[in-house]
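Visitor: how does the following fold in three dimensions:
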Amino acid sequence: MWWLLVTLGYLLGSFPTSYIAGRFITGRDIRQMGDENAGAANAYRELGRNTGIIVGIIDAAKGSFVVLIAKAVGATQPIVLTAGLAAVIGHNWPVYLGFKGGRGVSTALGVLLVVETVPMLILTLPTLVILIFRRSVTPAMAFLFIGLAILGWLLKVPPVLIAYGIALPVLIGITTLFRVRHKRLNRA
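Guide: I've put the predicted structure just below:
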């Protein structure tokens, strides 16, 4: 049954929210617009504030939903965490879009909200303040992800969940690094 949950996680994570929004609103592929990323931040910049927020919420819901389903069917913690990881991988490399998707930030947030609920809720308001004042996802997410590890440790969250809360942002960072590098090489 574990493979079914992981496959479901990947397929739900692959749901191309920003791509569908881009096609619906402009008739264009969001991956051909702005920073060429199929995620909420690019949707926010290229399709408008409201669309970007809706895309971000749906992308986060994908991650949360996968973890909630795995928990609801009584999956073990490793399977629950693997299903959540599969959702982020699906968002980043969606089968529906030829494996070229987003960076996984919103989907990872959705996963972490269910996995580490209390620390995530505590960090929500300061993260939003940083996002609003800095008008950039990067410093807000840096604060959130670093704060999540520290707060998790202070709240005595199990070490495996603290490690998981570090691993997902590392995956986001690696995805971003390779996409930016690839884009620079193609322009050279």
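
Visitor: where does this protein have low pLDDT?
Guide: Applying pLDDT under 70 to the chain flags residues 180-188.

Visitor: in it, where's the longest helix?
Guide: For the chain, the longest helix by residue count, based on DSSP state H, is helix 159-187.

Visitor: buried stuff in that one?
Guide: Leu161, Ile162, Tyr164, Gly165, Leu168, Pro169, Leu171, Ile172, Thr175, Thr176, Arg179 (16 or more other C-beta atoms under 10 Å). Glycine gets a C-beta too; all of them are placed from N, C-alpha and C.

Visitor: what lies in contact with the strand or helix carrying Phe24?
Guide: Using DSSP states H and E, Phe24 sits within helix 17-25. Helix 17-25 has contacts (C-beta atoms under 8 Å, 6 or more residues apart in numbering) with 28-31, 33, 38-40, 42-43, 46-48, 51, 54-55, 58-59, 62, 96-97, 102.

Visitor: all helices of this structure, in order?
Guide: For the chain, the helices defined by DSSP H occupy 2-13, 17-25, 40-47, 49-72, 77-92, 105-115, 117-134, 137-154, 159-187.

Visitor: so which of the ones you listed is the most packed in?
Guide: Stretch with highest mean neighbour count among the helices of the chain: helix 105-115 (a mean of 27; mean count of other C-beta atoms under 10 Å).

Visitor: and that helix, what does it pack onto?
Guide: helix 40-47, helix 49-72, helix 77-92, helix 117-134, helix 137-154, helix 159-187 (3 or more C-beta pairs under 8 Å, 6 or more residues apart in numbering; DSSP states H and E).

Visitor: want to throw those into TSV with distance to Gly13?
Guide: Output for those, formatted as TSV (distance: least, C-beta to C-beta, whole Å):
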stretch	distance to Gly13
helix 40-47	14
helix 49-72	6
helix 77-92	3
helix 117-134	18
helix 137-154	18
helix 159-187	12
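
Visitor: Ala40 is in contact with Val55, correct?
Guide: Yes. Taking C-beta atoms under 8 Å as the definition, Val55 is a contact partner of Ala40 at 4.5 Å.

Visitor: which neighbours do those two share?
Guide: Common contacts of Val55 and Ala40 (C-beta under 8 Å, 6+ apart): Thr17, Ser18, Ser106.

Visitor: excluding its backbone neighbours, what's nearest the last one?
Guide: What that stands for is Ser106. Take Ser106 and drop its neighbours on the chain: the residue closest to it by C-beta to C-beta, 6 or more residues apart in numbering is Asp59, 3.6 Å away.
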